[in-house]
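Asker: What follows is a predicted structure for the sequence shown.
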Amino acid sequence: MKNLDELKEKCEGCQMCPLGKTRKNLVFGVGNGSAKLMFVGEAPGEREDATGIPFVGAAGQLLDKYLAAVGIEKSEVYIANILKCRPPKNRDPLPEEQDACIGYLREQVKLIRPKMIVCLGRISAMRLIDPSYRITKDHGNFVKKGGFLMTAVYHPAALLRDPQKKVDMYLDMKKIKAALDELE
Ligand code: URA
């Protein structure tokens, strides 16, 4: 695949799992195609499915607030998900759906070549960092994996359910911004 547009076109025709039949829109990813920092969430929700853009619903709006609060420009990052299609009723992505879709994310990462990957939530962290990842214990800790600096933060939807986690999220995002500045 030569570029993100070509990859997106390939994804648009994907029927590798049953979610291909139920999606309104494929949610490929959005942002800077040569971002140093990439965020990876779990799967599109209702608003994302309706618009084709990741993190535009309530959780995404909260993510935007954290980016602004720590001084990360949205235009300098890239945002994608493990799954490119919405699971029915926003249930957790099944392992076989992740297996079918993850190759597209890997191709995206190869094209974007970020230096840092931040997993949004447990599902993404377990898939990309470590299958035994414990988000409550490990969030905000950086690891080096496959040449990338990686960490995970709480999923913004978890913060909406449990506002007590918001302090940790702010501190983690500050660390991410500091680590990003170190890269430059
Ligand atoms: N939650 C996710 O994990 N991804 C989105 O794009 C929206 C909500």
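Answerer: Yep, that arrived.
Asker: So Pro114: helix, strand or coil?
Answerer: State at Pro114, reduced to three classes by DSSP: H, G, I helix; E, B strand; the rest coil: coil.
Asker: From the structure, what's the count of residues near the residue nearest to it when sequence neighbours are not counted?
Answerer: For Pro114, ignoring the flanking residues on the chain, the nearest one in space by CB to CB, 6 or more residues apart in numbering is Met38 at 4.0 Å. For every residue, glycine as well, the C-beta is placed using N, CA and C. By other CB atoms under 10 Å, the residues close to Met38 number 25.
Asker: Work out for me the element Met38 sits within.
Answerer: According to DSSP states H and E, Met38 maps onto strand 37-41.
Asker: which residues are in contact with the helix or strand just after that strand?
Answerer: If you walk from strand 37-41 toward the C-terminus, the next helix or strand you reach (DSSP H and E) is helix 46-51. By CB atoms under 8 Å, 6 or more residues apart in numbering, the residues outside helix 46-51 that reach it are Arg23, Lys24, Asn25, Val27, Pro54, Phe55, Val56, Gly57, Gly60, Cys85, Arg86, Asn90.
Asker: Kindly report the same for stretch 114-122.
Answerer: The contact list for stretch 114-122, computed with CB under 8 Å, 6+ apart, reads 35-42, 63, 78, 109, 125, 127-129, 133, 135, 148-158, 176, 179-180, 183.
Asker: For the chain, which residue gets nearest to the ligand?
Answerer: Each residue of the chain has a distance to the ligand, by CB to the nearest ligand atom, and the smallest belongs to Gly41, at 2.9 Å.
Asker: Show me the residue at the heart of the protein, geometrically.
Answerer: For the chain, Val40 is the residue whose C-alpha lies nearest the centre (CA atoms, centre = their mean; 1.5 Å).
Asker: burial measure for Lys177, as a count.
Answerer: The local packing of Lys177 (other CB under 10 Å) involves 17 other residues.
Asker: Is it correct that it is in contact with Glu73?
Answerer: No. Counting by CB atoms under 8 Å, no contact exists between Lys177 and Glu73, whose distance comes to 10.6 Å.
Asker: Format the CA atom coordinates belonging to stretch 101-109 as PDB.
Answerer: Taking C-alpha atoms only, stretch 101-109 is exported to PDB below (Å, rounded to 0.1, in the frame of the first residue of the first chain):
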ATOM      1  CA  CYS A 101      -9.100  -5.900  11.300                       C
ATOM      2  CA  ILE A 102      -5.700  -5.500  13.000                       C
ATOM      3  CA  GLY A 103      -3.800  -5.800   9.700                       C
ATOM      4  CA  TYR A 104      -5.300  -2.600   8.500                       C
ATOM      5  CA  LEU A 105      -4.100  -0.800  11.600                       C
ATOM      6  CA  ARG A 106      -0.600  -2.200  11.200                       C
ATOM      7  CA  GLU A 107      -0.500  -0.900   7.600                       C
ATOM      8  CA  GLN A 108      -1.700   2.500   8.900                       C
ATOM      9  CA  VAL A 109       1.100   2.500  11.400                       C
END
